[in-house]
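>>> sequence and computational prediction follow.
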2 protein chains.
Amino acid sequence: MSSTSSYAAQSAASPLAPLKIERRDVGPKDVQIAIEYCGVCHTDIHYAKNDWGMTNYPVVPGHEIVGKVTALGSSVHHLKLGQQVAVGCFVNSCHTCSSCKADLEQYCLNGFTATYGSPSKDPGGFTYGGYSKDIVVDEHFVLTLPSGLDPAGAAPLLCAGITTYSPLMHWGVKPGMTVGIIGLGGLGHMGVKLSHAMGAKTVMITTSKNKAADAMRLGADEVLISTDTEAVAAMANQFDFLLNTIPVPHDYNQYMNLLKVDGTMCIVGCVGPVAELNTGPLIFGRKSVAGSLVGGIKETQEMLDFCGKHQIVSDIELIKMDEINHAYERMLKSDVKYRFVIDMHSLS
Amino acid sequence: MSSTSSYAAQSAASPLAPLKIERRDVGPKDVQIAIEYCGVCHTDIHYAKNDWGMTNYPVVPGHEIVGKVTALGSSVHHLKLGQQVAVGCFVNSCHTCSSCKADLEQYCLNGFTATYGSPSKDPGGFTYGGYSKDIVVDEHFVLTLPSGLDPAGAAPLLCAGITTYSPLMHWGVKPGMTVGIIGLGGLGHMGVKLSHAMGAKTVMITTSKNKAADAMRLGADEVLISTDTEAVAAMANQFDFLLNTIPVPHDYNQYMNLLKVDGTMCIVGCVGPVAELNTGPLIFGRKSVAGSLVGGIKETQEMLDFCGKHQIVSDIELIKMDEINHAYERMLKSDVKYRFVIDMHSLS
């Protein structure tokens, strides 16, 4: 058993401070990774602050992890020392349920093990995430990073990237389709890049006129200002698919008329109660409201390879570990374009 | 121009009384039908009472129509005089939009013409429905009734039947699947019969223990009492598809955990605000909430042929025209198993 330096939230009230916690030994199927970069997801804030009442302190957030292999278990043969790899939102699942067998570990019927905060046999009893010098992960949950991708910009692909890629793929986005990405933040900016790369006509739907230029730069073909009722009415029945990345409760019903018959709006940004469901737009057009959670391991690797081919990474601001509290404050004000990534070399 | 006796609601306040209104001439593409039976749908009550604030009096309700051909336009060749035919919820559409071209006239982007209450070039300026001795309808919207089906019991197939058949078919219900029909009324009892005939394991989901025996008689394989939290928990992740026929606002979220990953609940019973949308069950299982409206003309004919093959009709109570007010009162108390049908021979 060895020990490692991690940056952990020890309680909701206490200041964040470096902390010595143990990592588990490298078992036969494990991969030890020296973490180079870790993206900062809004979920990290919820956990650090115990917003959902389920945090076990100390918690080490971070599930957008890029690093290099530093040790391999005896039965791991498809990776090599020094290889650039990545870890996303979960690090274990039951491997036996119908979801796991269908490469949908994110919907494991027995519950996946989240990269941080889940019960675990690791020292400490809970998994610790990516705000750390290194991590030990079962090989099944270790992704490989395509060469040529900036590793810092690639880190957010492991959550923001796959969370938008998976529904776009599941609902068959392709050339000839019109896709609306609702909300331009960490998820939304990845949605625009990916939908554009998949060949769909991509429309950024936002309340903010001042985001229009940036949306076009990211790959949007058009920008629809959702408060412009005339513009919205003119685009009724135009969209094959809407990806809703708004992270807070809101009246999503206003967007349903944009969908064609048989269209789907998939909500990925806001977990929990959003607004009243009005069945009118669903019934008078056989439309659907759906949800989607990150993506399975196989699909996450496909997403990374797709991003390698299309040279897609996240737009990031690279920060040092001791800037994390300020980063959280800025994220709560939506003041980041579009993802903070921690340079883990800065963790002493 | 000829005239005909219809049974019309003349205003929300006045008593219902027979009324002389004109029908249109039989044009080249028209079919004149002597109405024998007309089912009584809850929508009829909403229109008669102007619940939706959109009724133009006098209104002649009725969109579950079965009768016999009494006259044919000069260009109508696929029907013959005396043939048993049927008319459902709409009698015209634009024929040119993408929905109409896809045999989905119910989602006509220019708005279909409802069988009653829609603006029309007919005398009176609005369409008049099936509480009448006869009706003139464009041949495209006239269905043929398979031989061997009881014509009175078949009438409700034109709305209650197709409203449940269409989503069951659209979401691919077949042997090997488990389907839940939520709510046992006019729609629900057709849903049970049709899902059973499609070969799916069919579970009636109801709050009422006293409906269990009847549900089994109709074809349910099991009955799940939705207030029995243990029984509901035991069936989590078991259902491929849920057809929700509850006609009033309710917390549909309670049913979402019954669905498998990628499952859909389709709401057909309640139009308008239902309850708050909680995205949790959608996101943590890629589930969908959808809606569906009756079915297109081609699919309605397929449904009638399916019912002919499987000898499926509605369970009905046959009434005389002058019993309609009492029938409405009983329907408002859910006191009907499971559909009133008016014997139009009783309209003098």
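Okay, I see it. Residues are numbered from 1 along each chain as shown, chains lettered A, B, ... in the order given.
>>> per the record, what domains does chain A have?
A:3-159+A:314-346, A:160-291 (automatic domain parsing).
>>> which one of those is the most hemmed in?
Burial of these is given as mean neighbour count (mean count of other C-beta atoms under 10 Å in any protein chain shown); domain A:160-291 ranks first at a mean of 21. All C-beta atoms are positioned from the backbone trio N, CA, C, and that covers glycine.
>>> on that earlier part again, so which of the domains of chain A comes closest to residue B:239?
Ranking the domains of chain A by proximity to residue B:239 (C-beta to C-beta) places domain A:3-159+A:314-346 first, at 13.4 Å.
>>> touching chain B at all, the closest one?
Yes: legend: contact between domain A:3-159+A:314-346 and chain B by C-beta under 8 Å from any C-beta of the partner chain is shown at A:98-99, A:104, A:107, A:109.
>>> any chance of those in TSV with pLDDT and secondary structure as columns?
Listed next are the residues of domain A:3-159+A:314-346 next to chain B as TSV, based on pLDDT from 0 to 100; DSSP: H, G, I helix; E, B strand; the rest coil:
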residue	pLDDT	secondary structure
A:98	96	helix
A:99	97	helix
A:104	98	coil
A:107	98	helix
A:109	96	coil
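>>> closest one of those residues to residue A:295?
Closest approach between the residues of domain A:3-159+A:314-346 next to chain B and residue A:295, by C-beta to C-beta: residue A:104, at 8.4 Å.
>>> can you name the residues that contact that closest one?
Contacts for residue A:104 (C-beta atoms under 8 Å, 6 or more residues apart in numbering or on different chains) come out as A:296, B:261, B:286.
>>> if I look at it, how far off is residue A:112?
To residue A:112, residue A:104 is 10 Å away according to C-beta to C-beta, to the nearest Å.
>>> over to residue A:122?
Distance, residue A:122 to residue A:112, using C-beta to C-beta: 15 Å.
>>> now the helices for chain A?
A:42-48, A:98-101, A:151-154, A:160-170, A:186-197, A:212-218, A:229-234, A:280-283, A:297-310, A:324-332 (DSSP state H).
>>> output the longest one in PDB with nothing but the alpha carbons.
Extracted in PDB, the C-alpha atoms of helix A:297-310 (Å, rounded to 0.1, in the frame of the first residue of the first chain):
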ATOM      1  CA  ILE A 297     -17.000   2.700 -21.800                       C
ATOM      2  CA  LYS A 298     -17.000   1.400 -25.400                       C
ATOM      3  CA  GLU A 299     -18.900   4.500 -26.600                       C
ATOM      4  CA  THR A 300     -16.500   6.700 -24.600                       C
ATOM      5  CA  GLN A 301     -13.600   5.200 -26.500                       C
ATOM      6  CA  GLU A 302     -15.400   5.700 -29.800                       C
ATOM      7  CA  MET A 303     -16.100   9.400 -28.800                       C
ATOM      8  CA  LEU A 304     -12.400   9.900 -28.000                       C
ATOM      9  CA  ASP A 305     -11.400   8.400 -31.300                       C
ATOM     10  CA  PHE A 306     -14.000  10.500 -33.100                       C
ATOM     11  CA  CYS A 307     -12.500  13.600 -31.400                       C
ATOM     12  CA  GLY A 308      -9.000  12.500 -32.400                       C
ATOM     13  CA  LYS A 309     -10.200  12.200 -36.100                       C
ATOM     14  CA  HIS A 310     -11.900  15.600 -36.000                       C
END
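>>> biggest separation within the residues of domain A:3-159+A:314-346 next to chain B, which pair?
Greatest spacing in the residues of domain A:3-159+A:314-346 next to chain B, by C-beta to C-beta: A:104 and A:109 (9.9 Å).
>>> intersection of neighbour lists for those two?
In contact with both residue A:104 and residue A:109: residue B:261, using C-beta under 8 Å, 6+ apart.
>>> distance to residue B:224 for the helices of chain A - can I get that in TSV?
What follows is those, written out as TSV (distance: least, C-beta to C-beta, whole Å):
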stretch	distance to residue B:224
helix A:42-48	35
helix A:98-101	21
helix A:151-154	47
helix A:160-170	29
helix A:186-197	37
helix A:212-218	47
helix A:229-234	41
helix A:280-283	24
helix A:297-310	33
helix A:324-332	44
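>>> so what's the nearest residue to residue A:303 once chain neighbours are set aside scoring on pLDDT?
Excluding its sequence neighbours, the residue lying closest to residue A:303 (C-beta to C-beta, 6 or more residues apart in numbering or on different chains) is residue A:165, at 4.2 Å. In this model, residue A:165 is scored at 98, pLDDT.
>>> ok, now which ones touch the closest residue to chain B within the stretch 101-250 of chain A?
Proximity of the stretch 101-250 of chain A to chain B (C-beta to the nearest C-beta) peaks at residue A:107, 4.5 Å away. By C-beta under 8 Å, 6+ apart, the residues touching residue A:107 are A:99, A:293, B:261, B:284-286.
>>> could you dump those residues into TSV and include distance to residue B:300?
Compiled in TSV, the contacts of residue A:107 are given as follows (distance: C-beta to C-beta, whole Å):
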residue	distance to residue B:300
A:99	37
A:293	38
B:261	32
B:284	37
B:285	33
B:286	31
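>>> if we can go back for a sec, could you pull up the residues touching the residue nearest to residue A:303?
Residue A:165 makes contact with A:190, A:194, A:295, A:299, A:303, A:306 under the criterion C-beta under 8 Å, 6+ apart.
>>> of all these, which two lie farthest apart?
Maximum distance among the contacts of residue A:165 (C-beta to C-beta): 14.6 Å, for A:190 and A:299.
>>> wait, doesn't residue A:314 sit right on residue A:39?
Yes: between residue A:314 and residue A:39 a contact is recorded at 7.3 Å, counting by C-beta atoms under 8 Å.
>>> quick revisit: need the contacts of residue A:165 in TSV with pLDDT, can you?
What follows is the contacts of residue A:165, written out as TSV (pLDDT from 0 to 100):
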residue	pLDDT
A:190	98
A:194	98
A:295	98
A:299	98
A:303	98
A:306	98
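>>> could you check how far residue A:53 is from chain B?
According to C-beta to the nearest C-beta, to the nearest Å, residue A:53 stands 15 Å off from chain B.
>>> show the pLDDT at that residue.
pLDDT recorded at residue A:53 is 90.
>>> for it, give its distance to residue B:104.
Going from residue A:53 to residue B:104 by C-beta to C-beta gives 46 Å.
>>> equivalent analysis for residue A:229, please.
Applying C-beta to C-beta, the value for residue A:229 to residue B:104 is 27 Å.
>>> do I have it right that residue A:149 meets residue A:305?
No: with contacts counted by C-beta under 8 Å, residue A:149 stays clear of residue A:305, the gap being 10.1 Å.
>>> how about residue A:150, nearest residue that isn't a chain neighbour?
Here the residue nearest residue A:150, using C-beta to C-beta, 6+ apart, is residue A:313, at 5.3 Å.
>>> for residue A:298, that is, sorry about that
What sits nearest to residue A:298 in space, not counting adjacent residues and going by C-beta to C-beta, 6+ apart, is residue A:103, at 4.2 Å.
>>> check contacts around residue A:306.
Under the criterion of C-beta under 8 Å, 6+ apart, the contact list for residue A:306 reads A:165, A:194, A:197, A:312.
>>> residue A:277 pairs with what?
Per DSSP bridges, the residues bridged to residue A:277 are residue B:275.
>>> you'd agree it is up against residue B:278?
No: between residue A:277 and residue B:278 there is no contact under C-beta under 8 Å: 9.2 Å.
>>> now for residue A:314 and residue A:39: what residues contact both?
Joint contacts of residue A:314 and residue A:39 (C-beta under 8 Å, 6+ apart) are A:155-156, A:160, A:339, A:341.
>>> go through those and flag which are in strands.
Counted as lying in strands by DSSP state E, out of the shared contacts of residue A:314 and residue A:39, are A:339, A:341.
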